[in-house]
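[1] Sequence plus predicted model, see below.
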Amino acid sequence: MSILNQKTVNSKISVSGIGLHSGKNVNLNILPANPNEGINFKRVDIVNNDEKIVSPLYNNVCDTNLCTTITNHAGVKVSTIEHLMAALYILGIDNVLIELDNQEVPILDGSSKDWISIIKKAGIKNSNSPIKVIKINKTVEIKNKDKFIRVDVSNINLDIDFEIKYPNTMIGTQRNKISVYNDNLEDIYNSRTFCKYEDIDNLKRIGLAKGGSLDNALVVDKFKLLNKEGLRNNKEFVNHKILDCIGDIYLSGYKIVGLITCSQGGHSLTHQLLVKLFSDKKNYSVFELKGKNLPHSLIEKYQLKSIA
């Protein structure tokens with residue numbers, strides 16, 4: 001069985017936690033799914049069966065304010081999906097059904113660390129169906145003043161080059177570049193969401209961050225970190241932005257082969273990039289990734305370990 005075949009979880013996974021923005025408790029199950037069924041969320045608290053399923057695709061995104069929220073034809077929503085989606089991407093999971101009894105996915109520790117650990121513990125199941133990949137054919141870019149995100153052609157990798165700028169704080173300017181299918185991504189999936197202390201009151205005033213705490217977010221007070229345990233790695237702030245980017249990119253429906261470069265981006269810019277990318281079929285190709293499509297040296301070096 002090829003390492004490039006589609007994967008799902010080996011058994012049912014159950015998680016309970018609090019929503020970062022809603023502050024509400026939620027129970028969530030991750031269930032195995034068949035090849036080519038993709039990733040789907042199911043709101044089990046919704047009465048009508050034809051309104052329960054919400055698919056994490058770029059054209060179902062309805063809000064990108066501090067998290068990614070998706071909706072379906074009936075207006076049923078699922079929010080803060082990016083950390084779980086990133087974990088599924090990193091582990092090479094193509095097909096699962098995710099049940100939850102409230103709108104928001106649990107924040108857990110504010111990173112993808114717990115999601116990765118929980119899914120690995122349950123095990124990952126291979127199938128006989130080859131994975132499908134989106135290959136970038138043309139450069140696509142979104143600009144907003146000094147902020148931008150761009151995806152360029154790449155031979156076989158997904159590289160992400162990300163920069164953040166937070167003047168007058170300990171965050172400052174950080175930049176990191178990773179190869180998603182080649183690198184050890186532990187520092188990426190361990191990196192927690194963050195905010196400035198001065199923004200907390202305003203966030204709660206507009207109905208966000210009701211479940212936020214030092215247990216699930218880094219809080220920066222100008223040049224001081226309020227979390228006593230400190231940072232998990234010296235680029236935790238930009239690494240979390242890369243994690244968000246991975247999760248949001250998975251709303252393309254498949255893994256991507258390309259080079260993403262971003263400065264001061266976030267959920268909104270990444271979503272706009274996907275919308276523009278898929279607006280013209282000349283920008284991309286979708287193909288099944290089989291052994292015969294790849295150079296032997298690539299398989300021998302066990303690259304594409306995240307895809308696979």
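    Cool, the structure landed.

[2] now the helices for the stretch 51-200 of the chain?
    Using DSSP state H, counting those that start in this stretch, the helices found in the stretch 51-200 of the chain span residues 82-90, 113-122, 186-189, 200-205.

[3] Now do the buried residues in the shortest one.
    By neighbour count on 16 or more other CB atoms under 10 Å, the buried set for helix 186-189 is 187-189. All C-beta atoms are positioned from the backbone trio N, CA, C, and that covers glycine.

[4] What is the nearest of those to Phe41?
    Tyr189 (20.3 Å; CB to CB).

[5] mind listing what that closest one touches?
    Neighbour list for Tyr189: 86-87, 90, 111-113, 115-116, 243 [criterion: CB atoms under 8 Å, 6 or more residues apart in numbering].

[6] the strands in the stretch 1-150 of the chain, which residues?
    Here the stretch 1-150 of the chain has its strands, by DSSP state E, counting those that start in this stretch, at 5-9, 13-18, 25-32, 39-43, 53-54, 61-63, 69-71, 77-79, 96-100, 124-136, 140-144, 147-152.

[7] Same list (these) but as a markdown table, adding mean neighbour count.
    As requested, the strands of the stretch 1-150 of the chain are exported to a markdown table (neighbours: other CB atoms under 10 Å):
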| stretch | mean neighbour count |
| --- | --- |
| strand 5-9 | 22 |
| strand 13-18 | 16 |
| strand 25-32 | 18 |
| strand 39-43 | 21 |
| strand 53-54 | 21 |
| strand 61-63 | 16 |
| strand 69-71 | 20 |
| strand 77-79 | 22 |
| strand 96-100 | 21 |
| strand 124-136 | 17 |
| strand 140-144 | 16 |
| strand 147-152 | 20 |
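
[8] Need those in a markdown table (columns: distance to Asp183 and mean pLDDT).
    Formatted as a markdown table, the strands of the stretch 1-150 of the chain follow (distance: least, CB to CB, whole Å; pLDDT from 0 to 100):
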| stretch | distance to Asp183 | mean pLDDT |
| --- | --- | --- |
| strand 5-9 | 20 | 96 |
| strand 13-18 | 26 | 98 |
| strand 25-32 | 25 | 98 |
| strand 39-43 | 23 | 98 |
| strand 53-54 | 31 | 98 |
| strand 61-63 | 27 | 98 |
| strand 69-71 | 28 | 98 |
| strand 77-79 | 29 | 98 |
| strand 96-100 | 24 | 98 |
| strand 124-136 | 18 | 94 |
| strand 140-144 | 24 | 97 |
| strand 147-152 | 18 | 98 |
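
[9] Could you dump those into JSON lines with distance to Ser252 added?
    Shown next, in JSON lines, are the strands of the stretch 1-150 of the chain (distance: least, CB to CB, whole Å):
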{"stretch": "strand 5-9", "distance to Ser252": "16"}
{"stretch": "strand 13-18", "distance to Ser252": "24"}
{"stretch": "strand 25-32", "distance to Ser252": "20"}
{"stretch": "strand 39-43", "distance to Ser252": "11"}
{"stretch": "strand 53-54", "distance to Ser252": "16"}
{"stretch": "strand 61-63", "distance to Ser252": "12"}
{"stretch": "strand 69-71", "distance to Ser252": "13"}
{"stretch": "strand 77-79", "distance to Ser252": "17"}
{"stretch": "strand 96-100", "distance to Ser252": "17"}
{"stretch": "strand 124-136", "distance to Ser252": "6"}
{"stretch": "strand 140-144", "distance to Ser252": "12"}
{"stretch": "strand 147-152", "distance to Ser252": "10"}
